[in-house]
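Chemist: sequence first, then the predicted structure, then my questions.
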Amino acid sequence: MKLKSSYETTPLTLALTVEELEDGSYITCVYEMDTKYYTTAPPTKIMEYACEYFGSSLKGRIEGTIKVCRIAYKVPIVVDPTSDMYFFPTASLQSKLCAWIAHSHIVNHRPINNTKACEIEFINGQKIILDVSYGQITNQILRTSQLRYALESRMKKMNNTILEIK
């Protein structure tokens, strides 16, 4: 087990999930394109650091999404639009079990038979199983798509306006 005291989210980050250890404590499992790490920092704290690195805060990113898309619960965020870093939470941010999934890297998701769990497959072929229903994951993927479309449309419109001025 590769244990890091901290972790910085990058465009290669696939997911930040939570695992319960035998002693009842929790650890974050960081899935990247080519490796897997563990850290003691909770996923939501890692997302806070990522937003701060790109000049905002998690609260600011959430408030921005609410204004742009009118999504008010389990709000997806853009950490950095230029790096295509859009993430969605799988639960309330107050939950110890809240995981964060990178929207850009999802290829497919499917329900796990006779359970409330869902499997997510990423572009590198890696798969994770979350204790979240297929419907909830589908909803989060769609909400994040809505955010991406809205922000990309705004950026495109702004770029076209700049080109017209030149």
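Modeler: Yes, it's here.
Chemist: quick one: low-confidence ranges for this structure?
Modeler: The chain contains residues with pLDDT under 70 at 1, 5, 162-163, 166.
Chemist: how about the secondary structure of residue 14?
Modeler: Using DSSP: H, G, I helix; E, B strand; the rest coil, the three-state assignment for residue 14 comes out as strand.
Chemist: nearest spatial neighbour of it, skipping sequence neighbours?
Modeler: Computed as CB to CB, 6 or more residues apart in numbering, the closest residue to residue 14 that is not its neighbour in sequence is residue 31, at 4.2 Å. No exception for glycine: its C-beta is placed from N, CA and C like everyone else's.
Chemist: pretty sure that neighbour is in a strand, no?
Modeler: Yes: read with three-state DSSP, residue 31 is one of the residues of a strand.
Chemist: that one: what's it in contact with?
Modeler: Contacts for residue 31 (CB atoms under 8 Å, 6 or more residues apart in numbering) come out as 13-17, 122, 126, 128.
Chemist: out of these, who's nearest residue 164?
Modeler: Sorting the contacts of residue 31 by how near they are to residue 164, with CB to CB, puts residue 13 at the top with 36.4 Å.
Chemist: distance from the chain centre to the longest helix seen in the chain, please.
Modeler: The helix that spans the most residues within the chain, counting by DSSP state H, is helix 134-165. Taking CA atoms, centre = their mean, to the nearest Å, the mean C-alpha location of helix 134-165 is offset from the chain mean by 15 Å.
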